[in-house]
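Q: coordinates only, sequence not included:
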């Protein structure tokens with residue numbers, strides 16, 4: 001389980017996290033066409049400061065480009081069972 005504690009508003013403009021729904025159930029081959037399809041399916045998770053965004057760490061996820069001159073501040077935390085290899 002990953003959690004992003006949003007300290008400053010997270011928007012598309014300042015590079016919010018994107019997630020690909022259902023990607024945790026897919027076999028990723030790394031083929032360029034598969035990557036392009038996944039990027040087209042990605043959703044942008046915008047949230048106001050004070051929010052917590054929680055999602056499965058198995059989802060394909062990434063930050064986006066910050067197109068502003070301001071920093072986007074957040075605390076990233078994760079939970080993993082002791083028998084699993086953390087990222």
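A: Looks like it came in fine. It should be emphasised that the depicted structure is a prediction, and the values quoted were computed from it without experimental measurement.
Q: mind listing what's buried along stretch 27-41?
A: Residues residue 38 are the ones in stretch 27-41 that count as buried (16 or more other Cβ atoms under 10 Å). No exception for glycine: its C-beta is placed from N, CA and C like everyone else's.
Q: ditto for stretch 74-87
A: Residues residue 74 are the ones in stretch 74-87 that count as buried (16+ other Cβ under 10 Å).
Q: cool, and stretch 4-24?
A: 4, 6, 9-11, 14-20, 23.
Q: residue 5 bridge partners, please.
A: Going by DSSP bridges, residue 5 is paired in beta bridges with residue 52, residue 75.
Q: now for it: which residues touch it?
A: With contacts defined as Cβ atoms under 8 Å, 6 or more residues apart in numbering, residue 5 is in contact with 52, 74-77.
Q: and the residues you listed, which two are furthest apart?
A: 52 and 76 (11.0 Å; Cβ to Cβ).
Q: overlap of the contact sets of the two?
A: Taking Cβ under 8 Å, 6+ apart as the contact rule, residue 52 and residue 76 both touch 3-5.
Q: and the helices in this structure?
A: Along the chain, the stretches classed as helices by DSSP state H are 32-41.
Q: ranges for the strands of it?
A: Remark: strands assigned in the chain by DSSP state E are 2-6, 17-20, 43-45, 52-55, 60-62, 74-78.
Q: what does the third one rub up against?
A: By Cβ under 8 Å, 6+ apart, the surrounding residues in contact with strand 43-45 are 10, 12, 16-21, 53, 64.
Q: how does it look with 7 Å?
A: 12, 16-19, 21, 53, 64 (Cβ atoms under 7 Å, 6 or more residues apart in numbering).
Q: each with direction, which strands does it pair with?
A: Strand 43-45 has its sheet partners listed here by DSSP bridges as strand 17-20 (antiparallel).
Q: gap between the partner strand and the chain center?
A: With Cα atoms, centre = their mean, to the nearest Å as the basis, strand 17-20 stands 4 Å off its chain's centre.
Q: returning to what we had before: could you identify the most distant pair in the buried residues of stretch 4-24?
A: Farthest apart among the buried residues of stretch 4-24 by Cβ to Cβ are 9 and 23. That separation is 25.6 Å.
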